[in-house]
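[1] Curious how this folds, go ahead:
(one chain, ligands or ions: 1)
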Amino acid sequence: MKNTRVLVASRPEGMVTGQNFRVEHSEAPVPADREFLIEVAYLIVTPPLRMWLTSGGLSGKPVPLGAPMRCAGLGRVVESRHPDFPVGQLVTGDMGWQRYVVSDGAAKAPVAKVTAREGLPARTLLHVLGSGGRTAYFGLTEYCKPRLGDTMVISGAAGNVGSILVQLARMQGCRVIGIAGSDRKCNWLTKELGCAGAVNYRNDDLPMRLRQLCPDGIDIFFDNVGGETLDAALGLIAPRARVVLCGATSQYNNDAEWYGPHNYFNLVYKQAEMHGFYIANFAARFDEAVNRLAPLVADGRIKYAEDVLDGLEQAPQALIRTLTGENFGVQLVKVSDAADK
Ligand SMILES: NC(=O)c1ccc[n+]([C@@H]2O[C@H](COP(=O)([O-])OP(=O)(O)OC[C@H]3O[C@@H](n4cnc5c(N)ncnc54)[C@H](OP(=O)(O)O)[C@@H]3O)[C@@H](O)[C@H]2O)c1
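    Got it, this is the predicted structure:
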């Protein structure tokens, strides 16, 4: 079997380019005792991957030059010498930008066994029933403290986490305002997902539009993008607001210096709270989120959009698309038919 891998070739300065990667063709790896071979079906490409190229994010360890780019994926076991991972088993986990990967289920390419949910494509396990859904669910239930009628503003609202959160927050009785980077995304938020209003931060005067849409202030701000957007929202928080920090997509290309908020003292004036969270800390409760979300997705109460690029060689382009906002829906790369069989 022939393998294809997309390796990190150089460190980007600012925006990622195709030159930061190179494609390599080789023989597929062979599993040793208590190992198995996975054929990768889909990869989910999201903005924080950018940090693996330079700072390494939370771990502080960037992907070494010459190694496959890190990335979460969905695949199927196609050869096994491990009793717990039989041939045919679907798995998700850190698979990297490669078609075949050997795992022992633990330290070497850690993956978990998964089962597709009734009526839903297996690839939903990567987004609405994966990290995106879980992050939206625990972000809302553990930190946002929604109350009926609260005005909740969500940045990155048309993204993977944001679009699910919009719909969950509405179910809690919140009036939701979304921030996104195109008119098409804003229309989707208001016409399909039920936002009471949406702001195109690339075209609109963000602080002014937010002020118009939130005349009594923002009760909950859920932030996926950071930077000036966080600043604008902090300037408009209502008394006892909850500001929940999930991501900082606008800053991931800035290796030298991140933009810090100028309006932070409004937290004092409004006696508000600001809280960051990290989804990995909820690992023991992931099933709870998926069990709550799956029926809502299956009967269409939670909608999702996917943007699928065909072919592993497209992975660098996929990353660039998420960092420029060209994608519409969750950015996936289809590597093989392994999960569609
Ligand atoms: N805390 C946690 O445990 C946790 C877990 C999962 C994800 N996250 C974070 O949550 C955030 C959202 O993740 P996701 O997977 O749902 O990604 P996502 O929002 O689907 O990411 C893609 C979108 O990011 C937006 N974007 C790109 N560049 C931007 C910029 N300069 N300013 C503002 N928006 C920009 C684009 O949308 P527009 O066209 O609207 O700009 C793009 O379509 C990320 O920052 C991620 O790191 C955190």
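[2] hey, let's count contacts and neighbours off CA atoms from now on
    Will do.
[3] residue ranges of the strands in the stretch 101-250 of the chain, please?
    111-114, 151-155, 175-180, 197-200, 218-223, 237-245 (DSSP state E, counting those that start in this stretch).
[4] Give me the neighbour count for residue 308.
    19 (other C-alpha atoms under 10 Å).
[5] oh sorry, the question was meant for residue 183
    Using other C-alpha under 10 Å: residue 183 sits among 15 other residues.
[6] Over to residue 291?
    12.
[7] and what of the one 3 residues further on?
    Neighbourhood size, residue 294 [other C-alpha under 10 Å]: 21.
[8] Direction included, what does the strand or helix carrying residue 74 pair against?
    Residue 74 is part of strand 72-80 when elements are defined by DSSP states H and E. Taking DSSP bridges as the criterion, strand 72-80 sits next to strand 36-44 (antiparallel), strand 90-94 (antiparallel) in its sheet.
[9] List phi and psi for residue 299.
    Backbone geometry at residue 299, expressed as degrees, to the nearest 10, gives phi -100, psi 10.
[10] and this protein, which residues reach the ligand?
    46-48, 131-132, 135, 156, 158-162, 180-182, 224-225, 246-250, 277-279, 322-325, 327, 330 (C-alpha under 6 Å from any ligand atom).
[11] before we move on, the earlier item: please work out which of the strands paired with strand 72-80 is packed deepest.
    Among the strands paired with strand 72-80, strand 36-44 has the highest mean neighbour count (mean count of other C-alpha atoms under 10 Å), at a mean of 27.
[12] got the CA coordinates for that strand in PDB?
    What follows is strand 36-44, C-alpha atoms only, in PDB (Å, rounded to 0.1, in the frame of the first residue of the first chain):
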ATOM      1  CA  PHE A  36      -3.000  -1.500  14.000                       C
ATOM      2  CA  LEU A  37      -3.000   0.400  10.700                       C
ATOM      3  CA  ILE A  38      -5.600   3.100  10.200                       C
ATOM      4  CA  GLU A  39      -6.700   4.400   6.800                       C
ATOM      5  CA  VAL A  40      -7.700   8.000   7.300                       C
ATOM      6  CA  ALA A  41     -11.000   9.000   5.800                       C
ATOM      7  CA  TYR A  42     -11.500  12.700   6.800                       C
ATOM      8  CA  LEU A  43      -9.400  15.300   8.500                       C
ATOM      9  CA  ILE A  44     -10.900  18.300  10.300                       C
END
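[13] Next SSE downstream of that strand?
    Following strand 36-44 in sequence order, the next helix or strand is helix 49-52 (DSSP H and E).
[14] Could I get the average pLDDT for that following helix?
    Over the span of helix 49-52, the pLDDT mean works out to 97.
[15] Same question for stretch 77-93.
    pLDDT averaged over stretch 77-93 gives 97.
[16] Same check on stretch 96-114?
    Here the average pLDDT along stretch 96-114 is 92.
[17] Please compute how far that stretch lies from its chain's middle.
    Taking C-alpha atoms, centre = their mean, to the nearest Å, one finds stretch 96-114 lying 19 Å from the centre of the chain it belongs to.
[18] cool, stretch 165-185 as well?
    16 Å.
[19] Just the buried residues of that stretch, please?
    Using 16 or more other C-alpha atoms under 10 Å as the test for burial, stretch 165-185 gives 165-170, 172, 174-182, 185.
[20] and what of stretch 143-154?
    So stretch 143-154, judged by 16+ other C-alpha under 10 Å, has buried residues 143, 144, 146, 150, 151, 152, 153, 154.
[21] closest to residue 73 among those?
    The shortest approach to residue 73 among these belongs to residue 154, at 26.3 Å (C-alpha to C-alpha).
[22] Was I right to think the closest one contacts residue 177?
    Yes - contact criterion C-alpha atoms under 8 Å: residue 154 and residue 177 qualify, at 6.4 Å.
[23] Need the overlap of contacts for these two.
    Counting by C-alpha atoms under 8 Å, 6 or more residues apart in numbering, residue 154 and residue 177 have no contacts in common.
[24] Farthest pair within the buried residues of stretch 143-154?
    Using C-alpha to C-alpha, the pair of those lying farthest apart is 143 and 151, separated by 15.0 Å.
[25] got a list of what residue 185 touches?
    For residue 185, the contact set (C-alpha under 8 Å, 6+ apart) comprises 158, 328.
[26] gap between it and residue 304?
    Distance of residue 185 to residue 304, computed by C-alpha to C-alpha, to the nearest Å: 12 Å.
[27] Quick one: buried ones out of the residues of the chain next to the ligand?
    46-48, 131-132, 135, 156, 158-162, 180-182, 224-225, 246-250, 277, 279, 322-323, 325, 327, 330.
[28] Let's see which of those end up in helices.
    Mapping these onto helices (DSSP state H) picks out 131, 132, 135, 160, 161, 162, 322, 323.
[29] The second one contacts residue 158, doesn't it?
    By that I understand residue 132. No - the pair residue 132 / residue 158 is not scored as a contact, 11.8 Å apart, by C-alpha under 8 Å.
[30] From residue 242, how far off is the residue of the stretch 1-150 of the chain found nearest the ligand?
    Here the stretch 1-150 of the chain gets closest to the ligand at one residue, residue 48, 4.5 Å apart by C-alpha to the nearest ligand atom. Distance, residue 48 to residue 242, by C-alpha to C-alpha: 24 Å.
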